[in-house]
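[1] Below are the sequence and a predicted model; questions follow.
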Amino acid sequence: MKSVDLIVPCYNEAEVLPLFYGEVSSVISKLPDFEFNFIFVNDGSRDATLDIILGLAAKDSHVRYISFSRNFGKEAAMLAGMKYSNSEYVCILDADLQHSPSLIIDMLACLETEPQYDVAAARRIDREGESKFKSSFSKWFYKVINMLSSVDIPESAQDFRVMRRKVVDAIISMPEYNRFSKGIFSWVGFNTKWFAHENRERAAGETKWSFGSLLKYAVDGIIGFSTVPLKMVLHAGTIISAVGLIYAVYIIIRTFVSGPDVEGYPSQICAILVLGGLILIALGIIGEYVARIYLEVKNRPIFIIDETNITPKEK
């Protein structure tokens, strides 16, 4: 009997966890040939999330949990779950039930019957219930990151996936502090079969993703998997310098021909403002990369565990 670990990042999911556990339990009961284990990762929740997880663990020996000392983010929660998993298959899915648990059946069937695939992943085919602004932002993000990065990240790809053990081992071998899992999933390679997935509303509770957090996530993805912004700064600086040199030659020639010209104060102010703005943008882009180097070299842990019921032998 093959084993499957279900990694479930949780942040303030007290309202939805009982519904999630019930629906997933109903789905996995249809797969008697697999042994399933839950790995709930409590990411510093401020509600009763941990209490509910502890209650589930008390009545179900297949429920395991990891509780962080504070909120470290979903990326850290997914990494912790993968590090503490030890099954042949590892599945990542959200606790809010926007990821359809029933799709796990097809994903496992794919990996069992089609050995050429190492990952079975979900890809959204619609954005029902999502604002047009957020949908447009998401589409443009994928276009931009795929244009700037050598790693191809399929549009609307989700973290919801089932992976073979070797894929998980490859992912956790990447120790970087600033993590962008969608890029990491693509960077490690391996053959992936995509499953169409219709968007679902949250079963309960509120979304944790504001536009600001999505924007930060997008910036992390672009900077984490592309050095093109740095090259753009170099090219922009080169072009502006060339234009400035040409203009300087023009001014010198015109001065010899027509004499000194005291006009042009507005154009000078505009030039100063434009160039000053470009310099600040360039410094900002460079600063983003330097900040990530700073965080990496400090070598701080990506997460800190407060308590867990996973013993060292199970790690």
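    The structure has been received and is ready for your questions.

[2] And the helices in the stretch 101-250 of the chain?
    Per DSSP state H, counting those that start in this stretch, the stretch 101-250 of the chain carries helices over the ranges 103-113, 132-148, 165-172, 181-187, 211-224, 228-258.

[3] How far off centre is the fourth one?
    Between the mean C-alpha location of helix 181-187 and the chain-wide mean there is a distance of 8 Å, by CA atoms, centre = their mean, to the nearest Å.

[4] other SSEs contacting that helix?
    strand 157-164, helix 165-172, helix 211-224 (3 or more CB pairs under 8 Å, 6 or more residues apart in numbering; DSSP states H and E). Placement of C-beta: from N, CA and C, glycine included.

[5] what is the mean pLDDT for the one helix or strand Glu35 maps to?
    Counting by DSSP states H and E, the element that carries Glu35 is strand 34-42. Mean per-residue pLDDT for strand 34-42: 94.

[6] got it, and stretch 290-307?
    pLDDT averaged over stretch 290-307 gives 84.

[7] and if you look at stretch 163-182?
    Mean pLDDT, stretch 163-182: 87.

[8] Please save the CA atoms from it in PDB.
    Extracted in PDB, the C-alpha atoms of stretch 163-182 (Å, rounded to 0.1, in the frame of the first residue of the first chain):
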ATOM      1  CA  MET A 163       4.300  14.900  -6.500                       C
ATOM      2  CA  ARG A 164       6.500  11.800  -6.400                       C
ATOM      3  CA  ARG A 165       9.100  11.600  -3.600                       C
ATOM      4  CA  LYS A 166      12.000  12.500  -5.900                       C
ATOM      5  CA  VAL A 167      10.400  15.800  -6.900                       C
ATOM      6  CA  VAL A 168       9.800  16.700  -3.200                       C
ATOM      7  CA  ASP A 169      13.400  15.900  -2.400                       C
ATOM      8  CA  ALA A 170      14.600  18.100  -5.300                       C
ATOM      9  CA  ILE A 171      12.400  21.000  -4.000                       C
ATOM     10  CA  ILE A 172      13.600  20.900  -0.400                       C
ATOM     11  CA  SER A 173      17.200  20.700  -1.600                       C
ATOM     12  CA  MET A 174      16.900  24.300  -2.600                       C
ATOM     13  CA  PRO A 175      17.700  26.200   0.700                       C
ATOM     14  CA  GLU A 176      16.900  29.800  -0.500                       C
ATOM     15  CA  TYR A 177      15.300  32.100   2.000                       C
ATOM     16  CA  ASN A 178      13.100  34.100  -0.400                       C
ATOM     17  CA  ARG A 179      11.000  31.400  -1.900                       C
ATOM     18  CA  PHE A 180       8.600  31.500  -4.800                       C
ATOM     19  CA  SER A 181       7.200  28.000  -5.100                       C
ATOM     20  CA  LYS A 182       5.500  28.400  -8.500                       C
END
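
[9] Renumber starting at 53 from here on
    Got it, the first residue is 53 from now on, which makes the last one we talked about stretch 215-234.

[10] distance between it and the chain's centre?
    For stretch 215-234, the gap between its own C-alpha mean and the chain's C-alpha mean amounts to 12 Å (CA atoms, centre = their mean).

[11] Go through it and flag the buried ones.
    Within stretch 215-234, the residues that count as buried by 16 or more other CB atoms under 10 Å are Met215, Arg216, Arg217, Val219, Val220, Ala222, Ile223, Tyr229, Arg231, Phe232, Ser233, Lys234.

[12] Could you do stretch 98-106 as well?
    Neighbour-count burial for stretch 98-106, counted by 16+ other CB under 10 Å, picks out Thr101, Leu102, Ile104, Ile105, Leu106.

[13] for stretch 283-290, same thing?
    Of all the residues in stretch 283-290, those buried under the rule 16+ other CB under 10 Å are Val285.

[14] Equivalent analysis for stretch 69-87, please.
    Of the residues in stretch 69-87, those buried (16+ other CB under 10 Å) are Leu69, Leu71, Phe72, Tyr73, Glu75, Val76, Val79, Ile80, Phe86.
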